[in-house]
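*Asks:* No sequence on hand, only this structure:
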Ligand SMILES: Nc1ncnc2c1ncn2[C@@H]1O[C@H](COP(=O)(O)OP(=O)(O)OP(=O)(O)O)[C@@H](O)[C@H]1O
Ligand SMILES: [Mg+2]
């Protein structure tokens, strides 16, 4: 299999005895692309990573890492992995650990050590990892994964336990790597944290790929309603409600919903209310709504 993708997964099925953990999944990742794998606990995310790494054998389907099979020497050189639970020997310093992994990958430690700066833990380079906070260990894990500028970076829930600032810095580092051509496949439970930081999303549920595409496309395809909240002028809430219908909330406001394509028409109708309207707030479907929609069991195109 030769193609422009660094990762091609076709109709992949992975089983543990009677449990089908990954069920006919097809997915590609191109160089420089950042793809997020989302799914509930047990959806099959870690299993997919481990199969791409060659740790698990598929029951069916095909996998290619830039034209070579998982687990081969060429694949091992191309792929880096940050496991879900990263554990380093506590007595070693960050610099020692990075040096160790650099040697394993055949990269000079001198070239690898600046990664501690990249991930923001250069100050702690000479401290034992046992004294690191969870976020610092996670950052060291990322530095380890970035050694040797891999062609494909597999990150299993890399931001779990990170505070919001650390998350932002984490995605900044990923962005720089992807600009340099590294393909990134990461798993996460949170759609909202990856907004604007990821090129494409793949949603897994019960081992099956439920949806795949850019967040904006998924959001549009989900066709979820827009909520418009109208705050009525003093004493006018009855009139506004009578005219618009919808739902009354907290004595002063009315909430109506409409489809995305009807938004302008809905606003035009509101304009007719003139000074009866004190304020308007428009809420687009939020990311959790989109995620719930696709990971639920009633999804277009999904086989039940
Ligand atoms: N070694 C194993 N032996 C048996 N079953 C397994 C094994 N590893 C995973 N499974 C099963 O495969 C399914 C998928 O698990 P997986 O770890 O891939 O999920 P996940 O999406 O990574 O979940 P989480 O968000 O909790 O990390 C689950 O039903 C799990 O119980
Ligand atoms: Mg997992």
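*Replies:* Good, I have the coordinates. Here the structure is a predicted model, which means the values were calculated and not measured. Ligands and ions are numbered 1, 2, ... in the order given.
*Asks:* Would you mark the buried spots in the helix or strand of the chain with the lowest mean pLDDT?
*Replies:* Across the helices and strands of the chain, mean confidence by mean pLDDT, DSSP states H and E is lowest for helix 191-194: a mean of 82. Buried residues in helix 191-194, defined by neighbour count with 16 or more other CB atoms under 10 Å: 191, 193, 194. C-beta here means a position set from N, CA and C on the backbone, and glycine is covered the same way.
*Asks:* Helix or strand: which one has the nearest residue to the second one once chain neighbours are set aside?
*Replies:* Among residues not flanking residue 193 along the chain, residue 167 sits closest, at 5.9 Å (CB to CB, 6 or more residues apart in numbering). Take DSSP states H and E as the rule and residue 167 turns out to sit in helix 164-179.
*Asks:* how's the chain carved up into domains?
*Replies:* When the chain is parsed with automatic domain parsing, its domains come out as 7-220, 225-284.
*Asks:* coming back round to it: output the buried residues of helix 191-194 as CSV; include the columns distance to residue 227.
*Replies:* Shown next, in CSV, are these (distance: CB to CB, whole Å):
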residue, distance to residue 227
191, 18
193, 23
194, 23
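*Asks:* what's the closest of the residues you listed to residue 293?
*Replies:* The closest of the buried residues of helix 191-194 to residue 293 turns out to be residue 191 (CB to CB; 10.7 Å).
*Asks:* Could you pull up phi and psi at the nearest residue to that closest one once chain neighbours are set aside?
*Replies:* Ranked by CB to CB, 6+ apart and with sequence neighbours excluded, the top spatial neighbour of residue 191 is residue 287, at 3.9 Å. Main-chain torsions, residue 287, degrees, to the nearest 10: phi -60, psi -30.
*Asks:* could we number from 408 for the rest of this?
*Replies:* Renumbered: residue one is now 408, and that last one reads residue 694.
*Asks:* give the contact list for residue 694.
*Replies:* Neighbouring residues of residue 694 by CB atoms under 8 Å, 6 or more residues apart in numbering: 598, 599, 602, 622, 626.
*Asks:* Cross-check the contact I'm expecting between the first one and residue 695.
*Replies:* I take that to be residue 598. Yes. Residue 598 lies in contact with residue 695 (CB atoms under 8 Å); the separation is 6.5 Å.
*Asks:* can you pull out the helices in the chain?
*Replies:* All helices of the chain, identified by DSSP state H, fall at 452-459, 480-485, 501-511, 516-519, 521-525, 541-553, 571-586, 598-601, 622-629, 644-651, 670-678, 694-702.
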